[in-house]
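Undergrad: Quick one: sequence plus predicted model below, questions after.
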Amino acid sequence: MPTSDFTAKLLEMEDMIISDLTSSNTEIHIHFSLPRKVSTCPHCHGLTDQIHDYRTSIIKDLPLMGKQTFLHYRKRRYHCPHCGKHFYEPFPFAAKHCRTTTRLLFYVIYLLSERQSLRSVARLLRLSDSSIFHRLKDIRFPKPDNLPSVLSIDEFKGNAGGEKFQAILTRPDKHCLFDILPSRSQLSLRQYLQSFKNKKEVRFIVMDMNRVYRDLARDYFPNATIIIDKFHVIRYVTWALENVRKRIQKQLHPEKRKYFKRSRKLLLTHKSKLKEESIDALAVMLSQSEDLAAAYHLKELFYDFMGSTSRTEAIDKLKFFLLAAQASQLKEFHACLTMLGNWSNYILNAFDCPYTNGFTEGTNNAIKVIKRNAFGYRNFENFRNRIFLSLT
Ligand SMILES: [Zn+2]
């Protein structure tokens, strides 16, 4: 095989006629044309190989040897003797009027999907931000046809398309994104969910404590078990404990405040995970106030409940916690008790099955990175595309 054939093979330009290749420290220029052949006229479908003229267009390609690479494509126009019209030969490397090759665009998409920022991709490949944006618009991720059997619903602050919050739907069992909606509003979610024909096939729906989502699930998914992600529930207890601690600390004689160093960490860590010296420090802290000791005890009871390995165990432990919290008469735990009164059935469902909102939350964090790496998305579709590109 002559060397030039190897070059053509390397460049994936085997069926093209390379006429020149120049190279500087920073740039490579490849000049080529396509072989002349009988072509079909797009206007009348007649056949012709008569040449009308040539025009050279410069197309940006993937970098070679770390250098910016340009294709100088001498494109041929055929003349059709049947209808008298002219047409360009078909060219496989780039879309019509596009000044970047398709393979360069695929590389852009690949880099973006690796969560590189749009700006850094543009800089690396020396493309303009706007040209990348423009290309992103060409990519479409259509709305899925069917709902999955396990669905998680949540929201994130995307500030896209004039809406502050967007809704996110994922499949917690498969660890994949299902869809992103322009708004988390009840109306927009209803319109979206209504259109699916297999709503009865949804068996589990995971969510945070959100009345809108709960009502939607009740209305649309008659066969679904609603699951409240239990890790969100813990916050209510830690807030309550923190509020008791703050109240006590404020009332304390300044001299005694030294016992409250690192208090947050000492109080919130699971007791079984504390080292001996920390347990001593904790004991001193708790001895300062009966309320604080009671609140701490409640927190430990609640952690114990959260660690239940079955629904039956969870029901018993929750009852125990509720009795103790009511008996304590700590006003800081009121919100927690109200929450449990409203949601405990759904929270208990979490102990029967392995689904959580963990994947959704991970996705929301990944979206935050995408958002930070972009200039903000005024257009929701661009934002949605970008998320799908990165996360699927
Ligand atoms: Zn023709």
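TA: Great, that's in hand. Residues are numbered from 1 along each chain as shown.

Undergrad: Pull out the buried residues from the longest helix anywhere in the chain.
TA: For the chain, the helix reaching the highest residue count under DSSP state H is reported as helix 231-251. In terms of neighbour count (16 or more other C-beta atoms under 10 Å), helix 231-251 has its buried residues at 232-233, 236-238, 240-245, 247-249. For the C-beta atoms, the positions are set from N, CA and C on the backbone; glycine is no exception.

Undergrad: Tell me which helix or strand N159 sits in.
TA: Assigned by DSSP states H and E, N159 falls within strand 150-160.

Undergrad: ok, that strand: who's next to it in the sheet?
TA: strand 163-171 (antiparallel), strand 204-207 (parallel) (DSSP bridges).

Undergrad: Which positions in it come out as buried?
TA: Neighbour counts over strand 150-160 (16+ other C-beta under 10 Å) mark V150, L151, S152, I153, D154, E155, F156, G158, A160 as buried.

Undergrad: from these, which has minimum pLDDT?
TA: Minimum pLDDT for the buried residues of strand 150-160 is recorded at A160 (82).

Undergrad: List the beta-bridge partners for that one.
TA: Beta-bridge partners of A160, as defined by DSSP bridges: E163.

Undergrad: shouldn't it be in contact with N379?
TA: Yes: using C-beta atoms under 8 Å, A160 is in contact with N379, at 7.5 Å.

Undergrad: okay, the strands paired with strand 150-160 in TSV with mean pLDDT next?
TA: Listed next are the strands paired with strand 150-160 as TSV, based on pLDDT from 0 to 100:
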stretch	mean pLDDT
strand 163-171	92
strand 204-207	95
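
Undergrad: Show the pLDDT at R378.
TA: With respect to pLDDT, R378 scores 69.

Undergrad: swap in T3?
TA: 60.

Undergrad: Check L301 too.
TA: What the model reports for L301 is a pLDDT of 96.

Undergrad: Check A327 too.
TA: For A327, the pLDDT comes out at 94.

Undergrad: mind listing what it touches?
TA: Residues in contact with A327 (C-beta atoms under 8 Å, 6 or more residues apart in numbering): none are found.

Undergrad: In terms of helices and strands, where is it?
TA: For A327, the host element (DSSP H and E) is helix 311-328.

Undergrad: Report the buried residues of that helix.
TA: For helix 311-328, a neighbour-count test (16+ other C-beta under 10 Å) marks A314, K317, L318, F321, L322, A325, S328 as buried.

Undergrad: quick one: which of those residues is nearest the ion?
TA: Among the buried residues of helix 311-328, A314 lies closest to the ion (C-beta to the ion), at 76.2 Å.

Undergrad: thought that closest one was touching F351?
TA: Yes: here A314 reaches F351: they are 4.3 Å apart, a contact under C-beta under 8 Å.

Undergrad: Identify the contacts common to these two.
TA: Counting by C-beta under 8 Å, 6+ apart, the residues touching both A314 and F351 are S308.

Undergrad: residues in the stretch 51-200 of the chain within reach of the ion, list them.
TA: Proximity of the stretch 51-200 of the chain to the ion, by C-beta under 5 Å from the ion, involves residues C80, H82, C83.

Undergrad: Run through the residues that contact the last one.
TA: Spelled out, that is C83. With contacts defined as C-beta under 8 Å, 6+ apart, the neighbours of C83 are C41, H43, C44, G46.

Undergrad: try it again with 10 Å
TA: C41, H43, C44, H45, G46, T48 (C-beta atoms under 10 Å, 6 or more residues apart in numbering).

Undergrad: would you say it is within a helix?
TA: No: under DSSP: H, G, I helix; E, B strand; the rest coil, C83 sits outside any helix and is assigned coil.

Undergrad: Under a three-state scheme, what state does L105 occupy?
TA: Three-state assignment for L105 (three-state DSSP): helix.

Undergrad: From A160, how far off is it?
TA: Remark: distance between L105 and A160 (C-beta to C-beta, to the nearest Å) = 23 Å.
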